[in-house]
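1. quick one: sequence and predicted model below, then my questions.
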Amino acid sequence: MQTPLLTSTVLTILAALLPVGSAAQQTKVLTADKHNEYGLAYSLPVTALEVIVTARHDVARRGPFYQYAGKYMGTDKVVTQDSETWTVTSVDVRPYGVADPDAQFLMQLKPGAVTYIATAEDGMLLGINCKPQAPALPAQHSGPVAVVDLAATLGDGTDYLQYVDEDFIASQSSAKQAQSLSESIMEVRDAKISLTRGTADPMPTDGRQLELMLNSLTHQEEVMSQAFLGRKATETVTRSYTMTPADDGTYTLMRMSDFAGFVGPDDYSGSPLTVTVKTTAEGKLPVDAKGEEKRVPKDAVMYAIPGTARVTVEWEGRKLYEKELDFAQFGTLFGLNPLLFSDRKDPSFATFDPATGALREIGTAPSRQE
């Protein structure tokens, strides 16, 4: 039973809205017996891509006295307007294999054969007469993920009011309030200097009390300074997407929105992150000494000879990833003589690449491998 390696021209894109972490598969060992009529069914893979996108989320809120920062804080590096931005910082791509329903085969054996095959959970061939480790799965989608309201963590910016004096409260002028607040900041700084120099009156009785007092003064200074400098918060967020390119082309994987962060490819509130796939070499059948293509053996154990394609990921004109990868769907099929694996005296073993279905290793099995 033989079918084409890939007939579908559909691109599948899925977003895994969980922190990235691959799940382990279980390897299945299949042996020929009467119940399966001594036939072992297996599939070859189509190569899919897990695209791991990491972004930085920045939120900034200006302070009520930002226009006085130069005069009282001695700097112009202040937040002058509220903002929220999402920036894609890095992308990684991991190829993996998915059993292709259009590439299913049957290894027909005779009664009494000790040959066995190892497959992934979906039936994808991993090895013959050996048990290779099962490949990792991409991050799995299991429902929505709570999104942190980063802006809420910054608060409303009024914490400094708990440290102002009576002059600040009595004043109706923003300029005088700024001056009063700056004087309070200077008092806090002077108090910190006195503590560190041991000239404060009174001085703390032990190191722990000194640490607590310095931490309290540092917090006061920070909160009051934010009224001039503004408040900022940053987080790093990673999402995992999967796609199965069937043809060359440029695909919009997702979009990055300053309002909502990671959004779908059809949400035009964000800038698109695109994946371009361009075939660079097609898989070719092996040739004999005369340079002629070899014929597939009768009842062969099929495997893939992958092609290669350049994968490029871009966002807002920046190239974040570029690499040539092997793809089963851009290659062809060949086969191994099944007698290699059923010889009772010197049976062979073989392992196959779980991402492409290519033959990784073949040799004589010293004994039945578990």
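-> Perfect, thanks for sending it. Numbering: from 1, shown residues only.
2. any stretches of the stretch 51-200 of the chain with poor pLDDT?
-> 139-148 (pLDDT under 70).
3. break down it into its strands, ranges please.
-> With DSSP state E, counting those that start in this stretch as the criterion, the stretch 51-200 of the chain has strands at 83-108, 116-119, 125-128, 136-137.
4. just put the ones you listed in JSON lines and tack on distance to residue 354.
-> Every C-beta, even on glycine, is put in place using the N, C-alpha and C of the backbone. Formatted as JSON lines, these follow (distance: least, C-beta to C-beta, whole Å):
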{"stretch": "strand 83-108", "distance to residue 354": "5"}
{"stretch": "strand 116-119", "distance to residue 354": "10"}
{"stretch": "strand 125-128", "distance to residue 354": "6"}
{"stretch": "strand 136-137", "distance to residue 354": "9"}
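5. and the residue nearest the centre of the protein?
-> Centroid check for the chain by C-alpha atoms, centre = their mean gives residue 52 as the closest residue, at 2.4 Å.
6. hang on, isn't that one packed against residue 242?
-> No - judged on C-beta atoms under 8 Å, residue 52 makes no contact with residue 242 at a distance of 10.2 Å.
7. so where do the helices sit in the stretch 251-370 of the chain?
-> With helices called from DSSP state H, counting those that start in this stretch, the stretch 251-370 of the chain shows them at 339-342.
8. which of the strands of the stretch 51-200 of the chain sits most buried?
-> strand 125-128 (a mean of 27; mean count of other C-beta atoms under 10 Å).
9. can you give the contact residues for that strand?
-> 27, 42-44, 115-120, 132, 134-135, 301, 303, 341, 348-352, 354, 357 (C-beta atoms under 8 Å, 6 or more residues apart in numbering).
10. just the CA trace of that strand, in PDB.
-> Taking Å, rounded to 0.1, in the frame of the first residue of the first chain, the C-alpha atoms of strand 125-128 are listed here in PDB:
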ATOM      1  CA  LEU A 125       7.600   5.400  12.100                       C
ATOM      2  CA  LEU A 126      10.600   5.900  14.400                       C
ATOM      3  CA  GLY A 127      12.600   2.700  14.200                       C
ATOM      4  CA  ILE A 128      12.700  -1.000  13.100                       C
END
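11. that one pairs with which strands, and in what direction?
-> Strand pairing for strand 125-128, using DSSP bridges, gives strand 116-119 (antiparallel), strand 348-352 (antiparallel).
12. let's have the ones you listed in JSON lines, adding distance to residue 238.
-> JSON lines is the format used below for the strands paired with strand 125-128 (distance: least, C-beta to C-beta, whole Å):
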{"stretch": "strand 116-119", "distance to residue 238": "31"}
{"stretch": "strand 348-352", "distance to residue 238": "30"}
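13. which of these sits closest to residue 323?
-> Relative to residue 323, the nearest member of those by C-beta to C-beta is strand 348-352, separated by 22.0 Å.
14. thinking again about what came up before, for residue 200, find the nearest of the strands of the stretch 51-200 of the chain.
-> Closest among the strands of the stretch 51-200 of the chain, once you apply C-beta to C-beta, is strand 83-108, at 40.2 Å.
15. give the rounded mean pLDDT of the strand or helix carrying residue 224.
-> Taking DSSP states H and E as the definition, residue 224 sits inside helix 207-229. Averaging pLDDT along helix 207-229 yields 95.
16. helix or strand right after it?
-> strand 231-243.
17. neighbouring strands - and their directions - for that following strand?
-> When DSSP bridges is applied, strand 231-243 pairs with strand 13-16 (antiparallel), strand 39-61 (antiparallel).
18. chain center to it, what's the gap?
-> Its chain's C-alpha centre and that of strand 231-243 lie 10 Å apart, by C-alpha atoms, centre = their mean, to the nearest Å.
19. check stretch 256-276 too.
-> Stretch 256-276 sits 16 Å away from the centroid of its parent chain (C-alpha atoms, centre = their mean).
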